[in-house]
Structures are given as C-alpha cells and as structure tokens.
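S.K.: Predicted model follows, preceded by the sequence.
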Amino acid sequence: MTRLIPALLLLLAACGSPEGSPEVGRGVSLPLAPGEYANWRPDAEYVGKATCSECHVDKAATFAEAQMGRSFRPARASLSDAEWDNVEPIRDPDRNLFYVPFRRGEELFVREFRLTNGDTSHVRIVPIDYIVGSGQHTNSHIRDENGYLFQVPLTWYAQDGKWSLPPGFSGGDSFRFDRPITDQCMACHDGPSTYAPGSENRFSDIPHGIECENCHGPGSVHVAAVRSGQIVDVTTLTDYTIVNPAKLETARLDDVCQRCHMQGVAVLKDGVTPFDYRPGQDLAEYMEVFWPRFPDSTTQFIMASHPDRLQMSACWQASRKNSSAGQSTMEPITCLTCHDPHEPVQARSAAVYNASCTTCHAEQKVAACTEDIEIRAGFDDNCSSCHMPASGTTDIPNVRITDHFIRVVEPERSASGVDAAMRTDLVRMASLLRPRVEPEVLAAAYLTFYEEEAHRPFYLDSARAILDRLPPEVAKQQRVRTAFLSGDWNEVTRIGSTLSISAVSDAWTAYRLGEGYLTLGEVQKSVAWLERAVALAPEHLRFQNKLGSAYLAMGRLDDSREVLDRVLDTSPSFASAWNNRGFLRLNQGDIEGGEADFRQALLLDPDLEEALGNLASLLFNTGRVAEARPLADRLLFLKPQNQDYRQFWQAVSGAGVSEW
C-alpha cells in the first residue's frame, strides 16, 4: 500500500520551482514552451478522482455533490432522482409503443409494450445500467451490452417532475433502445473512459461522473512531481505539471468550458478524437463548432449554449474590449466570474450571483433600474431574474435553464424543439470558435446538422452548393457523405470509382461506398469496400452487420455466418443481425433456424420490415397462412403505398393471387 505523507510536511520540505520550470517530477524533465503544460504530452495518464482527493479533500467533497460530479453513475434506485413506482405508461404516438419505468429493489428497468385491439401484442423489458444527468434538469438512462452503450427511450425531467421521451426520440425518429452513445457523448457527460477506437460506442473503465481531470488535464505528471517532493507555491507561481483553468489566459480559460458548454454541431479536425483536446490548449486546433443562425436567433437557443449566449451580451463584449485594449477598469467576464465548478449551483445564494453584477453596476442598480420596487423585492432584488431569465430550450423539452444572454429582456415566444429544427429561414451556419473556416469544414457542418438535428433537404443542398464550388478532386469524403445522405447511389459509386480502396483511411467513407455498391447490386465491389470499413473499425457493429449481409448476397455463406455470429455474440439485441442471420440460415436449408432468428428479431423490434416480410413469407410458404396474416397487416400499415406489400397482403387475405 502506498504510504501517504501529510501534505503539511511536504510543503515544508519542498522547494518552490521557478516560474516555467521544466522540472515536472523526479527523474522526469521536459523543456516547456511558454504557456505549455507538462501534462499535454502524449504519455501523461489519467489517475482518477480518488487520487486527486488524497490531497484535495475539500474540493473533492464539494465536487462530489456538484452537478458535474453527479453527471454519470450506476443505475440504482437510491442514486436516481426519478419516481419509479406506479408510473403511468408513456406513449410514443408515432410508433404506438408504450414505456413504463420500474424497479426491482435497487435495479432499474424499462418495459416497452404495444396494444393491438386491446391485447398486448409486444413486450420487451430492458435493464438500465447507468444514469446520466445530475438531476438538476434531467436523468437520462443508458444500457450496457458487453461495453457497447445505448440510450434508453425514457428521460426523467426533474423541473416538471415527470417522465417523457428523451430529446430526439419524438416525431417518428425514436431509436428505441438502439441509440449509440458515442465518444463525443462520453467526452462531455462523464470522466475519461477507455474508448475502443475501432467501434462506434464501446467503452471500458467507465468512471462515475465528470472528474477533476476533465478540466485540469491528466494528473500523472503532477502526482509524480508531488510524490517526489517537487511542489510549487501556487500562491505566487504557476504549477506547469497540471492545468489550473483560473490561471490560463482568458481565451484558453473560455475553451475549457466551451469544450462541452458550447454545444452545437462539432466537426473534428482530421485524425482528431473527442478525447484529444487537453485543457489549456486552443480548442479550435481540435474542432470547429457550428450552429445555425435564424432571423430571431437572439430569442432561440439550445441547452448547452451558455458561452454563445454570453458572448452576445454587451457587458461581456465590453469586458473583452477593455481587456484587449489594456484597460484595467473591468475584468474580463468568464464563466468563473459567477460559477465555481467545484460546488453545486444551489450552494451559491442569489446575493453571491448579484455581487458579480454589482461589481460594475452598483450605481445602475440603485438609480437606473426601472422595474417596480415591489416586483424587485419579490425576486429578492435579483438581477438575473430579469436580465438572465430562465427559459425553455429548442433542443430539450420540459427543461428551463438560465439564459446567459444578459440584456433587457422583451416578452418573447420560444418555439418547440421540433418547430425550431424544422425551420427553413436559415441565415447562415455560424462558426462559434473561429470567424472563418475552410469550405469543406463548413460543408461538413451542414451535413452533420442534417444527420443529428434536422432532416431538411436544404441543409444537404447547402453542403452540395459549397462542394460544387471546389475543384472536383478535393473534399471527396464530404462528397461521398452528401451523396449517401441524399440516396444518390450512382453518385456514391461514381466517386468510389475514382478512389483507391487502400488509400481511404476513413471508415465511414468506406462503409458508405460499400452500401452504395450493394444497393446497386455490385456486390463484389461492395464487399471490398465493406471489408475496408471493418478493417479500419473492427468493433463497429453496424459495419460488421452490413459486411455479413454483403457476403450473403455474394454467396459466401460461411463468411457471412462467421461475421453475423460474431455480431450476435457481442450484441444479442441487434435485431437487424438476427434477421440477416435468419435469411442466411434459410439459404443454408435451415428453415427452423431461420424462423427462430426472424422471431427473435421481431421480439426486439416489432416493426423491423425485413424481418416482418421474411417471417410472413416463410409462414405463408409453409402453409401457415393464418399466422402470416397479422404480419402482412403490419407491413401494409407501415408502408401503405408499397405495392409489393399490398400484393402480398392480398395473397395472404385470399383476395388476390394465390401464390407468393
């Protein structure tokens, strides 16, 4: 067991390192450029909050109760902010599915079911493994399947005290239990975990909550220095073994917060992962962040848009102008002007927040505030209640946050999230970190917004217009992506014909090309591209499933079986893979096995069209017409304009052709 030396003795024995000293720990030295930190180097490692708390006991104790410290935790009834007993079913009207959260002791679950003519026609029960969200606004929920993380289709909205569908799960876009939790999600919602880079959503060593090192950077160099007796007197000097955001230059301090609170459409630089940025570095060297501007964007905002909103404020702009001009009359306004991330938001009284305003506005508060004195008294004379009111957001329903755009607020109407996403009066896609970006990056922003926020054709059109102005030999990755999202398979494969498979290093590009060739029936080319995608991302389940399907189309049944078995061993809830394996087993003459796989696919997803069609056809062709009828009914209900489905329904109903 490591022996801990009392911090007081360490301080007495240590020699303060000179400012900017390259000494970072016994036996370890590193020349540091001005403003550079030793824990930026690639071999610096995360040590976890338990190690930090050995010395920083007080900060660790309050941070454990703070919103960030409670951002991610095991799913236990005692750790949840939600109600779990006797909850009324939540209905997804677009899919006609109901959801009920419930518990068994400490364990948490979600029951999904459907009623058909008053009878239960589908039931699926899924255990919950993690709670994400502090409970200040929400608790959302995650399931873990062999390290692959997926969001569960229920969220607790704390301010309204109710359950409902999560953001992005309404309007017919529900992922049900299959929304992948990606590295971009985990980089901001939890502490540093181990991500499988060849996957879409597989993690290990998952911590419980945002940790010290999210904002201070990896701690191994600092810990080594402290344990070797090299302690810096931080009251007068900067310790370059660990980042203290409060000592950073203003723009870099902004970046520490903006990494996660400047939410929008993030476009990573080539070769960069969401975990690569280190506090104190220039965030724009790692990613660009975008958000659309509409004519009334001052009145519409998303949940995590605090820096963007703050920067619209006249007082913020004045503070930065004074600072850059060398005037000392006003300190630059930053997040730390009002917030201490080590303590819960509610631990600070309104008087403390008001003090941040009255530092500059003492005279205005007394003489220039035009609000009625009785109304002011009703809000404890709280500046923010009028000038930073709580308001709804366009991306998350049932949530109200403090609007960080400081101003005299006029009565305004907020659009619903669905209405805001579907708007067409776009002015521009604003770059939030840099005023100008490369055209290819801007095109990627439009495509990402289309994928993640709003499936509106003009976002694709905007990306295409930008790309069309570039030389045809550049930006091929984004050109493939645009054609793929547009369903223009001929254009996908045309671009593919100009590319060398071995030269493509982006797994998604290879996958999109593979799917394009498969859709057009060019199976051999499809297999080659999908094999490339899997080689680049060997743990990506969707890529593997598509490769198994392509092997099947090519007649490589043994290869298909090997891939699909591997997918299902890893992810037994992957409905599409069950369907694909069922079709494979039929091709191998295993009718009973194929039927079992189709049924398993429909237990997981009762509306999976391929499985509905495959099982209905199998039942019909084996003389079980009565069993096939409800499946044919469902197919026609899902796609009433599909002539193949209508013809099959007529055959099953005895109203048309007698064979299928």
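M.R.: Ah, there it is.
S.K.: For the closest residue to Gly280 other than its chain neighbours, grab phi and psi.
M.R.: Of all residues not flanking Gly280 in the chain, Val243 sits nearest, at 4.4 Å (Cβ to Cβ, 6 or more residues apart in numbering). Bear in mind the C-beta positions are built from the backbone N, C-alpha and C, glycine included. Main-chain torsions, Val243, degrees, to the nearest 10: phi -90, psi 130.
S.K.: gap between the closest residue to Arg202 other than its chain neighbours and Asn214?
M.R.: Computed as Cβ to Cβ, 6+ apart, the closest residue to Arg202 that is not its neighbour in sequence is Ala196, at 4.0 Å. According to Cβ to Cβ, to the nearest Å, Ala196 stands 20 Å off from Asn214.
S.K.: who's more crowded, the two?
M.R.: Asn214 (23 against 17; other Cβ atoms under 10 Å).
S.K.: That one belongs to a helix, doesn't it?
M.R.: Yes. Residue state for Asn214 (DSSP: H, G, I helix; E, B strand; the rest coil) corresponds to a helix.
S.K.: and the spatially closest residue to it that is not a sequence neighbour, how many residues sit next to it?
M.R.: Once flanking residues are discounted, Asn214 sits nearest to Gly191: 6.1 Å by Cβ to Cβ, 6+ apart. Residues lying near Gly191 (other Cβ under 10 Å) number 23.
S.K.: ok, Cys357 touching Cys383?
M.R.: Yes. In terms of Cβ atoms under 8 Å, Cys357 counts as a neighbour of Cys383; the distance is 4.4 Å.
S.K.: how would you label the spatially most central residue of the chain: helix, strand or coil?
M.R.: The centroid of the chain falls nearest to Cys185 when counting by Cα atoms, centre = their mean (3.2 Å). The three-state label given to Cys185 by three-state DSSP is helix.
S.K.: ok, Glu112 touching Phe102?
M.R.: No. Judged on Cβ under 8 Å, Glu112 makes no contact with Phe102 at a distance of 11.8 Å.
S.K.: more crowded one of the two?
M.R.: Between Glu112 and Phe102, Glu112 has the larger neighbour count (other Cβ under 10 Å), namely 22 against 14.
S.K.: Spatially, what comes nearest to the more buried one if we skip its sequence neighbours?
M.R.: In space, Glu112 is closest to Arg124, 4.5 Å off (Cβ to Cβ, 6+ apart).
S.K.: Quick check: mean pLDDT of the host helix or strand of the one you found?
M.R.: Following DSSP states H and E, the helix or strand that holds Arg124 is strand 119-127. For strand 119-127, mean pLDDT rounds to 97.
S.K.: Packing partners of that strand?
M.R.: Strand 119-127 sits against strand 107-116, with contacts defined as 3 or more Cβ pairs under 8 Å, 6 or more residues apart in numbering; DSSP states H and E.
S.K.: Would you mind writing the CA trace of the strand it packs on as CSV?
M.R.: Once non-C-alpha atoms are left out, strand 107-116 reads as follows in CSV (Å, rounded to 0.1, in the frame of the first residue of the first chain):
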residue,chain,number,x,y,z
GLU,A,107,-32.3,-2.5,-10.0
LEU,A,108,-34.0,-0.3,-12.7
PHE,A,109,-35.8,-1.4,-15.9
VAL,A,110,-37.9,-0.1,-18.7
ARG,A,111,-40.8,-2.1,-20.1
GLU,A,112,-41.8,-1.5,-23.7
PHE,A,113,-45.2,-2.8,-24.9
ARG,A,114,-47.8,-2.4,-27.6
LEU,A,115,-51.5,-2.9,-27.5
THR,A,116,-53.4,-4.2,-30.5
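S.K.: Which residues does it contact?
M.R.: 75-77, 80, 84, 89, 96-103, 120-128, 141, 152-154, 176-177, 606 (Cβ atoms under 8 Å, 6 or more residues apart in numbering).
S.K.: Would you indicate which residues of it are buried?
M.R.: Across strand 107-116, burial judged by 16 or more other Cβ atoms under 10 Å covers 108-110, 112-114.
S.K.: Check the offset of that strand from the chain's centre.
M.R.: Offset of strand 107-116 from its chain centre (Cα atoms, centre = their mean, to the nearest Å): 25 Å.
S.K.: what's the angle between that strand and strand 119-127?
M.R.: 160 degrees (axes from the mean of the first three to the mean of the last three Cα atoms, to 10 degrees).
S.K.: For strand 107-116, the averaged confidence score.
M.R.: Per-residue scores along strand 107-116 average to 97.
S.K.: Over to stretch 379-387?
M.R.: Stretch 379-387 comes out at a mean pLDDT of 79.
S.K.: now do stretch 274-284
M.R.: 96.
S.K.: just to revisit the earlier point, my read: the residue nearest to Glu112 touches Leu604, true?
M.R.: Yes. Using Cβ under 8 Å, Arg124 is in contact with Leu604, at 6.8 Å.
S.K.: Check the contacts of strand 107-116 for burial and list the buried ones.
M.R.: 75, 80, 84, 97-101, 103, 122, 124, 126, 128, 141, 152-154, 176-177, 606.
S.K.: Now for Gly623, how many residues are close by?
M.R.: Gly623 has 9 nearby residues by other Cβ under 10 Å.
S.K.: In three-state terms, how would it be classified?
M.R.: coil.
S.K.: For it, give me its contacts.
M.R.: Counting by Cβ under 8 Å, 6+ apart, Gly623 has no contacts.
S.K.: And it, its phi and psi?
M.R.: Torsion angles, degrees, to the nearest 10, at Gly623: phi 80, psi 10.
S.K.: Equivalent analysis for His141, please.
M.R.: Torsion angles, degrees, to the nearest 10, at His141: phi -140, psi 140.
S.K.: For it, which non-adjacent residue is spatially closest?
M.R.: His141 sits nearest to Val152 (Cβ to Cβ, 6+ apart), 4.1 Å away.
S.K.: Okay, that neighbour and Glu145: tell me how far apart.
M.R.: 12 Å.
S.K.: Same question for Tyr277.
M.R.: 29 Å.
S.K.: just the helices in the stretch 451-600 of the chain please.
M.R.: 457-468, 476-486, 489-496, 507-519, 523-536, 541-554, 557-570, 575-587, 591-604 (DSSP state H, counting those that start in this stretch).
S.K.: Quick check: which of those is nearest to Ala444?
M.R.: Closest approach to Ala444 among the helices of the stretch 451-600 of the chain (Cβ to Cβ): helix 476-486, 5.6 Å.
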